[in-house]
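Colleague: Using only what follows, build the 3D model:
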Amino acid sequence: MDKYSVLKQYFGHTSFREGQEKLIDAVLSGRDALGIMPTGGGKSLCYQIPALMFDGTALVISPLISLMADQVGALENAGISATFINSSLTPEQLDQARDGVRCGRYRLIYIAPERLDSDSFLRLISERRLSLIAVDEAHCVSQWGQDFRPSYLRIAGFVESLPERPPLCAFTATATARVRQDIREKLGLRGPVEVVTGFDRPNLFFDVRRPANKTEALLSLLRERREKSGIVYCATRANVERVCFSLQRAGVEATRYHAGLSEAERRQNQEDFRFDRKTVMVATNAFGMGIDKSNVSFVIHYNMPKDLESYYQEAGRAGRDGEPAEAILLYAPGDVATAQFLITHGEREPNNGEEGGRREQDLRRLEMMVGYCKHGGCLRGCILDYFGQEHGAGCGNCGNCCESYVESDITVTAQMILSCIRRVHDKLGYYVGMTAIVSVLRGSRSRRIEELGLEGVSTYGLLRDRSSAEIRGCIEYLENAGYLFVEQEHSTLRMTERAGAVLFRGERVSMSVRQDLQQESRRERRRRAQPAAHWRSEPESDLLMALRALRTNLARREGVPAYIIFSNATLADMAARVPRTRSQLLEVPGIGAVKAERYGDLFLEEIEKYADGK
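Modeller: The predicted structure is shown next:
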């Protein structure tokens, strides 16, 4: 079979996505390869198709158990023999997997990089001819990335120790130029064919919101998405516990995941989410890297992550099936202090004496993350700028592009803020942070303000008629515009030379203020701004709901997640095409020969019922 036949037979597609064919051809010709492709861009096909065309067994090195289980389940459902070897297996299951490896039963074997230290595994794998080695989440090899794993540094030595070196290919969704260089060097790639398809996810709607009460805002968002599956990320275990409890008390089908839970509970909660027994997963960043659950419709960050790489990777777990999805960040200034604490006091792996440089880089990346949260322009463009990708002026599919802005003269307010910073410094002899400045301007009677004697400064209470959020918004604008800067170590506000022009030389300050449009919903604005292909303009049809119900029943009967049977995108296309024959069913993207044979008659019968009832 050629690569197109394999693509159709097992995966149900007739053409490759951008970048896939070039990477597949490189591996098939014996070359090493490096693919930087967005989440949902089809990285796995770039090694799965060569694995099915080569003789021997492909070894896939993957960081998380959940990824292995998802991908092996999907491969088996498509009629491809595959297995994983990791700590989740019982002794009996491990023996069965080893026996299968010895007799050449599997075309692909998934392992964690830590297995490369196991003598028993090395003896086992030496008995097989490796057709290729694929490294997933390859950014984990770089200490300058957000997910550095020292175990990834052992991969190059393992590859070189093999009697016959197979093609080595590496894939990731998020990698700056420096991280890509680390991947090439530390994995020992030899003249790799490199493909960077870009970092954009057109189906993702990005938004940053600043609610007065995050829990109430989160509940409101989840009520609007009651029938959908999503992830809520929190910065700390304590927040996961608190948020999950609040959601459950409000009737949300939520579960939790963090490193403080027992392995058994984490596994059970993860399975509940995978199988849609729970629709919302509340988790720290310990959950999710490589999660292959394709029907995640939204990712909400309850707290701001420490860097844009982490944010983009976590946000990218929504919409893997290509359907419209949302990535919403609930921002509060307190998130910055939490992130700074985690950077400064968090546990780190040894990194050859470069601890100071790593921490400084982490703090710079945090500044860029904060810049995204405060960004007044296109949010997608801000992300793409970070990764060095060119883009248009606006995307039409983010919160800032879909809202209207009005220009507001804030000169007087700016003068009050700048004067307050100066007066407080003169009073105390040192600078303070935003919270203290806001408290003085609003005339707070808090113990700290009274202890510092700040109720006596001339700017005390000048903005008592304004909300804390409004004042903070003005301060953040002044920072972005270059009138203020934040000294990172202590998070204190300081004026720049430019501030003098506003205080003493009559310079005017105008700020663009985002306004909620009352005449049409955000969803309608998104639909109008996006090409028609990206958004379903009508509610789900009766046929689509019937197909979803059939898929759910089949998944329960077979004990697999629903998206393993067919993705949401495949079902939507099936409902739009209304196929009446097996050959017509095979024209639906995502339905290959094996799945058509296994499920085709059942879905065609359901379609027949719909057609007869019209």
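Colleague: And the contacts of stretch 121-130?
Modeller: Stretch 121-130 is contacted by residues 55-59, 85, 98, 101-102, 104, 109, 111, 115-116, 158, 162-164, 166 when judged by C-beta atoms under 8 Å, 6 or more residues apart in numbering. For every residue, glycine as well, the C-beta is placed using N, CA and C.
Colleague: Using CSV, write out every CA atom in it.
Modeller: The C-alpha atoms that make up stretch 121-130 are tabulated as CSV, following Å, rounded to 0.1, in the frame of the first residue of the first chain:
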residue,chain,number,x,y,z
PHE,A,121,13.1,-3.1,28.5
LEU,A,122,16.3,-2.6,26.6
ARG,A,123,16.8,-6.4,26.4
LEU,A,124,13.2,-6.7,25.2
ILE,A,125,13.5,-4.1,22.5
SER,A,126,16.8,-5.4,21.3
GLU,A,127,15.0,-8.5,20.1
ARG,A,128,13.0,-6.4,17.6
ARG,A,129,14.0,-4.5,14.5
LEU,A,130,13.0,-0.9,15.1
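Colleague: Buried residues of it, list them for me.
Modeller: For stretch 121-130, the neighbour count (16 or more other C-beta atoms under 10 Å) marks 121, 124-125, 128, 130 as buried.
Colleague: re earlier: out of the contacts of stretch 121-130, which are buried?
Modeller: Using 16+ other C-beta under 10 Å as the burial test, those include 57-59, 85, 98, 101, 109, 111, 115-116, 158, 166 as buried.
Colleague: if I look at the closest residue to Ser439 other than its chain neighbours, how far off is Gly456?
Modeller: When the adjacent residues along the chain are set aside, Ser439 lies closest to Ile449, with 5.4 Å between them (C-beta to C-beta, 6 or more residues apart in numbering). Computed with C-beta to C-beta, to the nearest Å, the distance linking Ile449 and Gly456 is 10 Å.
Colleague: more crowded one of these two?
Modeller: Higher neighbour count among Ile449 and Gly456: Ile449, with 18 against 10, using other C-beta atoms under 10 Å.
Colleague: Just the element for the more buried one, please.
Modeller: Ile449 belongs to helix 447-452 when assigned by DSSP states H and E.
Colleague: chain center to that helix, what's the gap?
Modeller: Once both centres are worked out by C-alpha atoms, centre = their mean, to the nearest Å, helix 447-452 turns out to sit 42 Å from its chain's centre.
Colleague: ok, and what's touching it?
Modeller: Counting by C-beta under 8 Å, 6+ apart, residues outside helix 447-452 touching it are 427-428, 436, 439-440, 455.
Colleague: One more pass at 6 Å, please.
Modeller: Under the criterion C-beta atoms under 6 Å, 6 or more residues apart in numbering, residues 439, 455 lie in contact with helix 447-452.
Colleague: do you know how far Leu342 is from Cys420?
Modeller: 30 Å.
Colleague: So between these two, which is more surrounded?
Modeller: Comparing Leu342 with Cys420 by other C-beta under 10 Å, the one with more neighbours is Cys420, at 26 against 16.
Colleague: Does the more buried one touch Tyr460 like I think?
Modeller: No - Cys420 is beyond contact range of Tyr460, at 8.3 Å (criterion: C-beta atoms under 6 Å).
Colleague: got any residues that touch both of the two?
Modeller: With C-beta under 6 Å, 6+ apart, Cys420 and Tyr460 have common neighbours Val440.
Colleague: all strands for the stretch 301-450 of the chain, in order.
Modeller: Assigned by DSSP state E, counting those that start in this stretch, the strands in the stretch 301-450 of the chain fall at 325-330, 404-409.
Colleague: Just the mean pLDDT for the first one, thanks.
Modeller: Just to be clear, that refers to strand 325-330. Strand 325-330 shows a mean pLDDT of 96.
Colleague: and Gly100, what helix or strand is that in?
Modeller: Using DSSP H and E, Gly100 sits in helix 91-102.
Colleague: Residues contacting that helix, please?
Modeller: Contact with helix 91-102 is made by 83, 85, 106, 124, 127, as judged by C-beta under 6 Å, 6+ apart.
Colleague: mind checking the SS state of the third one?
Modeller: For Tyr106, the reduced secondary structure class is coil; criterion used: DSSP: H, G, I helix; E, B strand; the rest coil.
Colleague: measure it to Leu153 for me?
Modeller: Distance, Tyr106 to Leu153, by C-beta to C-beta: 27 Å.
Colleague: Quick check on these two: which one has the bigger neighbour count.
Modeller: Set side by side, Tyr106 and Leu153 show more neighbours around Tyr106, with 21 against 16, by other C-beta under 10 Å.
Colleague: sorry, back to before: so of the contacts of helix 91-102, which ones are in strands?
Modeller: Taking DSSP state E as the definition of strands, those contribute 83, 85.
Colleague: Give me the buried positions along the helix holding Ile449.
Modeller: Result for helix 447-452 [16+ other C-beta under 10 Å]: buried residues 449, 452.
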